[in-house]
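**Student:** whatever this is, show me its structure:
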Amino acid sequence: MPPSFESSLFKALSLSSETTQLSRHGSSGFTSTYKLTTDSTTLFVKTSATASAAVMFEGEHASLNAINSAVPSLSPKSLAWGKLDDGGGYFLCVEFVDMSARSVSGGGKGSGLSLAHKLAKLHSTPIPEEFHGKGFGFPVSTCCGNTTQNNSFKSSWAEFFGQNRLLNILEQAESNNGQDAKLRALVNETIGKVVPRLLGDGHLGGVKGIEPVVCHGDLWSGNKGKGVFPSRSDSAVEDLVFDPSAVYGHSEYDHGIMNMFGGFSSSFWKEYFSHVPKTEPVEEYEDRIALYESYHHLNHYNMFGGSYKSGALSLLEPLVKKYG
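**Tutor:** Okay, the predicted model is just below:
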């Protein structure tokens with residue numbers, strides 16, 4: 001840690017070094033993590049000097065606040081992000097969550113909602129009015145893992161998913177792992193035929209179509225947990241999510257990564273679907289989720305190489321055979 005790290009962080013957050021304590025807390029694959037304690041509150045801080053740190057933290061800051069604004073008990077609020085002036089990279093500062101707490105004193109009731117109910121609420125809450133009419137996307141780029149995602153708005157969800165997700169991740173994977181003619185041909189056919197067939201306007205959601213909602217974007221089982229928000233007056237143990245990579249998209253987009261690694265029980269899905277039914281055509285639900293899941297296999301192939309490519313192939317080949 002650079003000698004001036006603490007003073008640089010305190011300056012960025014407008015905190016006094018005399019009344020603030022900083023200690024290592026937790027772990028993260030791409031960042032260093034800290035617990036920051038002041039006279040009046042406790043905060044959680046991430047720092048990173050990696051090349052993608054600025055994009056990563058700006059995206060997470062916006063993503064957390066998009067989720068928190070819709071369902072406050074589902075995620076911590078992000079307070080600030082920015083550049084450290086000691087050459088140590090960038091920081092992200094969020095509301096502290098005590099992930100070790102299993103009870104609280106004072107009898108706080110909290111939200112009283114399960115994770116399934118909260119996610120359903122997130123997936124049925126209209127996006128902020130300022131983004132109405134812009135279509136599908138997000139106001140800033142986000143990172144899924146360490147992959148930078150293009151969130152430029154598209155009027156069509158099919159176009160957004162085909163171009164901003166599938167084609168974009170294929171190009172990044174080719175840059176990192178070399179070209180693969182079979183994979184490129186399969187992804188191109190998926191974008192040209194399968195995506196418009198399953199996600200096209202006038203088809204997905206029937207004549208009413210779909211409205212964009214806040215999607216977490218990276219909701220695998222490792223990005224959910226239970227914790228207490230000590231700074232909240234009616235605090236209780238809450239089901240919550242973290243490390244989001246948000247997008248204003250189709251609610252079922254989150255189901256792809258959730259299906260990839262599991263960790264969500266049948267009772268979870270029963271409760272979720274009681275609040276947010278499967279999108280029409282219901283009989284194509286499993287195929288849509290396979291399509292959404294394929295993006296995350298391609299992303300893991302981009303980041304780690306190896307067998308994730310075969311995972312993407314195994315999902316896309318049956319879809320192309322069926323709809324291509």
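
**Student:** same for the helix ranked longest in the chain, what does it pack against?
**Tutor:** If you go by DSSP state H, the chain has its longest helix at helix 285-304. Contacts defined by 3 or more CB pairs under 8 Å, 6 or more residues apart in numbering; DSSP states H and E place helix 285-304 against strand 147-149, helix 168-177, helix 195-199, helix 253-261, helix 308-323. Any C-beta I mention is one placed from the backbone N, CA and C, and that applies to glycine too.

**Student:** could you list the buried residues of that helix?
**Tutor:** Within helix 285-304, the residues scored as buried using 16 or more other CB atoms under 10 Å are 287-303.

**Student:** again, but for stretch 223-237
**Tutor:** If you call a residue buried by 16+ other CB under 10 Å, then stretch 223-237 has these buried ones: Asn223, Lys224, Gly227, Val228, Phe229, Arg232, Ser235, Ala236, Val237.

**Student:** where's the dip in pLDDT among those residues?
**Tutor:** Among these, Ser235 has the lowest pLDDT, at 83.

**Student:** excluding covalently adjacent residues, which one is nearest to it?
**Tutor:** Leaving aside its sequence neighbours, Ser235 sits nearest to Gly108 (CB to CB, 6 or more residues apart in numbering; 4.6 Å).

**Student:** quick check: that neighbour vs Phe5, distance?
**Tutor:** According to CB to CB, to the nearest Å, Gly108 and Phe5 sit 35 Å apart.

**Student:** same deal with Asn150?
**Tutor:** As for Asn150, its distance to Phe5 is 32 Å (criterion: CB to CB).

**Student:** which one of these two is surrounded by more residues?
**Tutor:** Using other CB atoms under 10 Å, the more surrounded residue of Asn150 and Phe5 is Phe5, with 19 against 16.

**Student:** just to check, the more buried one is in contact with Leu84?
**Tutor:** Yes. Counting by CB atoms under 8 Å, Phe5 touches Leu84, with 7.1 Å between them.
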